[in-house]
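>>> Sequence and predicted structure below; questions after.
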Amino acid sequence: MKEKNYKISNVQQDDVSTLYDLQNKYIAHPYCKEEFVMDITTTRHHYFVCKKDSNILGFVSFVDNIDSVDILQIVVDEKYRRANVATQLMDNVKSYCISHNIKNIFLEVRQDNDAKYFYEKYGFTLINVRKKYYGDQDALIYQLKL
């Protein structure tokens with residue numbers, strides 16, 4: 001199921017409940033709904049949503065720091081993993097960066113998170129390890145140079 005033409009769009013207010021439910025299902029320390037609402041109304045925070053028909057399959061959130069982007073969350077519904085959703089979301093972040101003359105994308109992931117293999121395959125390079133950042137787990141810091 002390697003679809004290539006999902007619809008990627010900016011988050012809408014109507015999407016907040018679904019994003020909240022998705023991240024609660026897959027993230028150990030999720031944001032609260034109020035944080036989502038606050039984030040989508042600020043100019044530095046951005047969310048891209050991947051949809052098939054009207055169903056949200058996943059999303060990516062990031063912060064524009066003028067000269068770099070920090071990816072905060074990338075969440076894909078388990079049924080659509082390995083179906084090109086994360087790649088298309090990341091491609092949109094990359095396009096955003098290129099169009100805003102941003103040269104670096106950073107992200108952090110727990111050492112036991114298999115998503116690190118996707119990031120490495122996508123071209124991210126491990127640049128730092130924060131020992132025991134998550135208590136019993138290290139945080140891996142990745143960079144993608146554009």
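Nice, I can see it. Residues are numbered from 1 along each chain as shown.
>>> which stretches of this protein form strands?
Ranges of strands in the chain, per DSSP state E, are 7-10, 45-52, 55-64, 69-76, 104-110, 125-130, 139-145.
>>> Render the CA-only coordinates of stretch 139-146 in CSV, please.
Output of stretch 139-146 as CSV, limited to C-alpha atoms (Å, rounded to 0.1, in the frame of the first residue of the first chain):
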residue,chain,number,x,y,z
ALA,A,139,17.4,10.9,23.3
LEU,A,140,18.9,10.8,19.8
ILE,A,141,19.3,14.1,18.1
TYR,A,142,19.2,14.1,14.2
GLN,A,143,19.9,16.7,11.6
LEU,A,144,19.0,16.9,7.9
LYS,A,145,21.1,19.5,6.0
LEU,A,146,19.3,20.9,3.0
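>>> who's in contact with it?
Taking contacts as CB atoms under 8 Å, 6 or more residues apart in numbering, the residues outside stretch 139-146 that touch it are 94, 97-98, 102-111, 116, 119-120, 122-130, 133. To be clear about C-beta, it is placed using only N, CA and C from the backbone, and glycine gets the same treatment.
>>> How about stretch 21-34?
For stretch 21-34, using CB under 8 Å, 6+ apart, the contacting residues are 16-17, 20, 39, 56, 58-59, 73, 75, 77-78.
>>> Now with 7 Å, please.
Outside stretch 21-34, the residues within contact range by CB atoms under 7 Å, 6 or more residues apart in numbering are 16, 20, 56, 59, 73, 75, 77.
>>> Give me the neighbour count for residue 45.
17 (other CB atoms under 10 Å).
>>> Same check on residue 121?
9.
>>> Look up how far residue 90 lies from it.
Noted for residue 121: a distance of 11 Å to residue 90, by CB to CB, to the nearest Å.
>>> Equivalent analysis for residue 72, please.
From residue 72 across to residue 90, the span is 13 Å (CB to CB).
>>> next one: residue 81
Distance check for residue 81 against residue 90: by CB to CB, it reads 14 Å.
>>> in the helix or strand of the chain with the lowest mean pLDDT, what's buried?
Across the helices and strands of the chain, mean pLDDT, DSSP states H and E gives its lowest value to helix 33-40, namely a mean of 80. Within helix 33-40, the residues that count as buried by 16 or more other CB atoms under 10 Å are 36, 39-40.
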